[in-house]
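Student: Predicted coordinates and the sequence they were generated for:
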Amino acid sequence: MALTKNDIVERLQAEPGLPKSKAVEITECLLEQIKASLESGEDVLVSGFGKFCVKDKNARKGRNPATGEEAILPPRRVVTFKCSGKLRKKVNGG
């Protein structure tokens, strides 16, 4: 099961004295900051968690698997994630 935005809000709301509206605001603000940084081409480093990077992909030849027709795929940007050593150890039970 995936951790959803709503799950994050509920876990923040579990903190004493933090109303749900504030938890929603904090979550939305954090995610918007991450999106804005990635959109502008900046990497996002969260210490102890990992690094989100924007990588440029060049145009390349592709093929439609249904028809076999060749096409040129346009250049694009993709977001990659590399987890930190601490997170990797935790996930692997270390």
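Tutor: Here it is on my side, so go on.
Student: And what about residue 77, helix, strand or coil?
Tutor: Classification of residue 77 using DSSP: H, G, I helix; E, B strand; the rest coil returns strand.
Student: My understanding was that it contacts residue 58; is that so?
Tutor: No: counting by Cβ atoms under 8 Å, residue 77 does not reach residue 58; the two are 11.1 Å apart. C-beta here means a position set from N, CA and C on the backbone, and glycine is covered the same way.
Student: So between those two, which is more surrounded?
Tutor: Using other Cβ atoms under 10 Å as the criterion, residue 77 and residue 58 rank with residue 77 on top: 11 against 8.
Student: what is that one paired to in the beta sheet?
Tutor: Beta-bridge pairing of residue 77 under DSSP bridges involves residue 56.
Student: who's in contact with it?
Tutor: For residue 77, the contacting residues are 41, 54-57, by Cβ atoms under 8 Å, 6 or more residues apart in numbering.
Student: ok, of these, which come out buried?
Tutor: Using 16 or more other Cβ atoms under 10 Å as the burial test, the contacts of residue 77 include residue 54 as buried.
Student: What values do phi and psi take at the most centrally placed residue in the chain?
Tutor: Among the residues of the chain, residue 52 comes closest to the average C-alpha position under Cα atoms, centre = their mean, at 6.5 Å. With angles defined as degrees, to the nearest 10, residue 52 sits at phi -100, psi 130.
Student: Now do the contacts for it.
Tutor: Taking Cβ under 8 Å, 6+ apart as the test, what residue 52 contacts is 34, 38, 43-44, 79-81.
Student: Cool, thanks, talk later.
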